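**Q** sequence and predicted structure below; questions after.
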Amino acid sequence: MDGSERKLREAPELRALAHPVRMRLCQALYERGTATATELAEMIGESQANCSWHLRQLAKYGFVEEAGGGKGRNRPWRPVARPLSWGDSDESGEVAAASDALSAQFVEQEFAGLRDWQAWRRTDPPEWQDAANWVQNIDWLTLDELKELNKALAAIVGRHKDRRDPANRPPGARRIRIFAWAVPAAPYSED
């Protein structure tokens, strides 16, 4: 697996990923490492046939691949683990619309995860409840400072990316949602 960034620049690949079932499949594969469509169906609450179809669509655009060692329904899949980027300022038309749809779906998935955690967090051991946190702030930054902050956030968020491979996870590690952004709080004005 290539660790270099993949820039999504084509509308079909952006639309392929901007589907709630496909996003859940990718997330489940990152969690498991490899899984069959049947195993994934159990994990995400979809039918095996639906998962198989969506896995083939994800494979068509290079987001997942067959892991080898199985046939038919017992064919294992794995994620193609690479950082993804999209949403450049030079996008327009169909690409911009597909990029915005992917961003909206991604944000919705992350907020759904936060809402889920808020619903069940009190069932976790106290030490896990106390370790969880979020931060919020409004600051005044220059363009260069905003770029620097986002670069630092990406480095922090990616600090444990080697643990996407289940073999690299230490005992007691849990899947943790990390989502951060630093964006302007209002539209640009010359004032």
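**A** Thanks, I have the structure now. Residues are numbered from 1 along each chain as shown.

**Q** list the contacts for residue 141?
**A** Listed by C-beta atoms under 8 Å, 6 or more residues apart in numbering, the contact set of residue 141 reads 149, 182. All C-beta spots, glycine's among them, are computed from the backbone N, C-alpha and C.

**Q** how much space separates it from residue 8?
**A** Distance, residue 141 to residue 8, by C-beta to C-beta, to the nearest Å: 27 Å.

**Q** for residue 117, same thing?
**A** Distance of residue 117 to residue 8, given as C-beta to C-beta: 28 Å.

**Q** which of these two has more residues huddled nearby?
**A** Higher neighbour count among residue 117 and residue 8: residue 8, with 23 against 14, using other C-beta atoms under 10 Å.

**Q** for the more buried one, what are phi and psi?
**A** phi -80, psi 120 (degrees, to the nearest 10).

**Q** how much space between it and residue 102?
**A** For residue 8, the distance to residue 102 (C-beta to C-beta) stands at 7 Å.

**Q** got any residues that touch both of the two?
**A** By C-beta under 8 Å, 6+ apart, the residues touching both residue 8 and residue 102 are 14, 17, 86.

**Q** pull out the buried positions in stretch 132-147.
**A** Within stretch 132-147, no residue is scored as buried using 16 or more other C-beta atoms under 10 Å.

**Q** surely residue 165 and residue 34 touch.
**A** No - contact criterion C-beta atoms under 8 Å: residue 165 and residue 34 do not qualify, at 10.4 Å.

**Q** looking at those two, which one has more neighbours?
**A** More neighbours surround residue 34 than the other of residue 165 and residue 34, with 17 against 13 (other C-beta under 10 Å).

**Q** which residues touch that one?
**A** Residue 34 is in contact with 67, 76-78, counting by C-beta under 8 Å, 6+ apart.

**Q** of these, closest to residue 45?
**A** residue 77 (17.4 Å; C-beta to C-beta).

**Q** over to that closest one. Which of the three states is it?
**A** Under DSSP: H, G, I helix; E, B strand; the rest coil, the three-state class of residue 77 is strand.

**Q** re earlier: neighbour-wise, give me the winner out of the shared contacts of residue 8 and residue 102.
**A** Neighbour max across these (other C-beta under 10 Å) = residue 14, 25 neighbours.

**Q** name the SS class of that residue, please.
**A** Under the three-state scheme (three-state DSSP), residue 14 adopts helix.

**Q** any idea how far it is from residue 43?
**A** Distance of residue 14 to residue 43, given as C-beta to C-beta: 25 Å.

**Q** strands of the chain, residue ranges please.
**A** Shown for the chain, the strands assigned by DSSP state E span residues 6-7, 35-36, 64-66, 76-79, 84-85.

**Q** wait, residue 114 sits on residue 177?
**A** Yes - if you go by C-beta under 8 Å, residue 114 and residue 177 touch, sitting 7.1 Å apart.
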